[in-house]
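**Q** Starting from these lines, generate the structure:
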Amino acid sequence: MADPYVYAGQNRNGSGISASRLAVVAAALTTVADAIGTIAAVKAVREEEISNLEDQKRQNELQQTLSDIQAQIDDLKTQIVMSATSNGTSAPAYSINIESLTISLPPSANQGGDQTGTDLIRIE
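**A** Predicted structure coming up:
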């Protein structure tokens with residue numbers, strides 16, 4: 001009876017690739033694939049860290065801008081009070097009333113373009 005796993009003209013004494021050699025080749029290929037997967041995961045983590053740093057930088061710049069705007073508003077209020085007292089009137093002739101300021105941030109790449117309530121900064 002012929003062995004179905006031996007090709008015609010192949011000697012049973014080892015002229016073909018043995019199962020143990022195939023197992024070694026498979027293990028080597030698996031190790032290479034695992035290494036590629038690990039490199040891809042490290043790269044993804046680095047990209048996420050860079051994205052987080054960029055988001056923090058934008059947040060800091062926005063906070064500085066808001067602080068500058070608040071300082072300008074405070075200066076204007078002081079000028080109004082000084083102008084009103086220099087005219088001899090107890091109430092200013094004009095006033096500035098800002099009830100709220102809403103600034104919408106562009107959605108970051110890792111949020112998939114979805115704008116949520118965390119993207120809004122509101123000053124009241």
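**Q** quick one: A84 is in a helix?
**A** Yes: assessed with DSSP: H, G, I helix; E, B strand; the rest coil, A84 lies in a helix.
**Q** That one: neighbouring residues, count only.
**A** 16 (other CB atoms under 10 Å). In short, each C-beta sits where N, CA and C put it, glycine included.
**Q** low-confidence ranges in the chain?
**A** Within the chain, the stretches with pLDDT under 70 are 1-16, 87-99, 101-124.
**Q** so where do the strands sit in it?
**A** Using DSSP state E, the strands assigned to the chain run over residues 101-104, 120-123.
**Q** Now do the buried residues in stretch 75-85.
**A** Buried residues in stretch 75-85, counting neighbours by 16 or more other CB atoms under 10 Å, are found at A84.
**Q** Please apply the same query to stretch 28-38.
**A** For stretch 28-38, the neighbour count (16+ other CB under 10 Å) marks no residue as buried.
**Q** what are the C-alpha coordinates of it, in CSV please?
**A** Provided in CSV are the C-alpha atoms of stretch 28-38 (Å, rounded to 0.1, in the frame of the first residue of the first chain):
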residue,chain,number,x,y,z
ALA,A,28,10.8,31.0,13.0
LEU,A,29,8.1,32.6,10.9
THR,A,30,5.9,32.9,13.9
THR,A,31,8.7,34.7,15.8
VAL,A,32,9.2,37.1,12.9
ALA,A,33,5.5,37.8,12.8
ASP,A,34,5.4,38.5,16.5
ALA,A,35,8.3,40.8,16.3
ILE,A,36,6.5,42.8,13.5
GLY,A,37,3.4,43.0,15.6
THR,A,38,5.4,44.3,18.6
